[in-house]
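>>> just a sequence and a predicted model for now, questions to come.
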Amino acid sequence: MLPFLKIMVKNLLAGPSTEAFPFAPAHTPARFRGKANHDKSKCILCGICRHVCAAGAIQMRVVEDGSGVEYVLWHNSCVFCGLCAHYCPTKALTMTDDWHMAHRGEDRFAVREDSFVRYGQCSTCGSRIQPRPAVIVEALGTKYPDRFLMCPSCKRESLAKRSVPAKPAMETSETSDE
Ligand code: SF4
Ligand code: SF4
């Protein structure tokens, strides 16, 4: 038998050695960084993701009525570095293993993820504060959850009240003289 026939038969018996994609799913390695995903229910609008994104793929804009922030992640600009997910303090941003992102050139502005994150309300005065999602309050296990839901000035007031003694020192000494 000619040598090339031997190789051909051997290869035919061994079967395909490459991915059958797109006719079958392709293997995705563990920790592969695909499309970034934004979970608005965990977002506290800290802006770190936008700050670290070298590709400028993240935009955050306060909506006209001031009720919240429009969050846009441009998948077309993203370079899958994973920095946003790494620095997001609440894990609202994660990298998925979804790499199926082929699209036509004219669709590049449509390949984006839009979400709206509503501002929170101070539990005492009702003023606008950063969102405080319940899932985050629970995860932080904060000692004073009520204070965590306050705006900075109500928080200061609450702390000041806590540090003031129940009776002024003068009153105490007068009472003890009697
Ligand atoms: S993965 Fe990198 S490039 Fe993509 S949105 Fe996050 S920080 Fe920006
Ligand atoms: S996604 Fe994460 S890093 Fe970005 S604004 Fe929300 S909480 Fe901050």
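Thanks, I have the structure now. Ligands and ions are numbered 1, 2, ... in the order given.

>>> centroid residue for the protein?
residue 92 (2.3 Å; C-alpha atoms, centre = their mean).

>>> what sits against that residue?
38, 39, 40, 41, 42, 43, 44 (C-beta atoms under 8 Å, 6 or more residues apart in numbering). Using the backbone N, CA and C atoms, a C-beta is placed for each residue, glycine as well.

>>> for the last one, give me its contacts.
So that's residue 44. 89, 90, 92, 130, 131, 132, 133, 136.

>>> which ones among these map onto helices?
Among those, the members falling in helices (DSSP state H) are residue 136.

>>> can I get the buried part of the contacts of residue 44 as one PyMOL selection?
Typed into PyMOL, the line below selects the buried ones among those, using 16 or more other C-beta atoms under 10 Å:
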select buried, resi 90+92+131+132+133+136
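
>>> so which of the contacts of residue 44 are also by ligand 2?
Counting by C-beta under 6 Å from any ligand atom, the subset of those that neighbours ligand 2 consists of 90, 92.

>>> and the contacts of residue 44 as TSV, adding pLDDT and distance to residue 3?
Shown next, in TSV, are these (pLDDT from 0 to 100; distance: C-beta to C-beta, whole Å):
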residue	pLDDT	distance to residue 3
89	90	63
90	90	63
92	94	60
130	90	72
131	91	70
132	86	73
133	85	68
136	77	67
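
>>> many thanks, have a good one.
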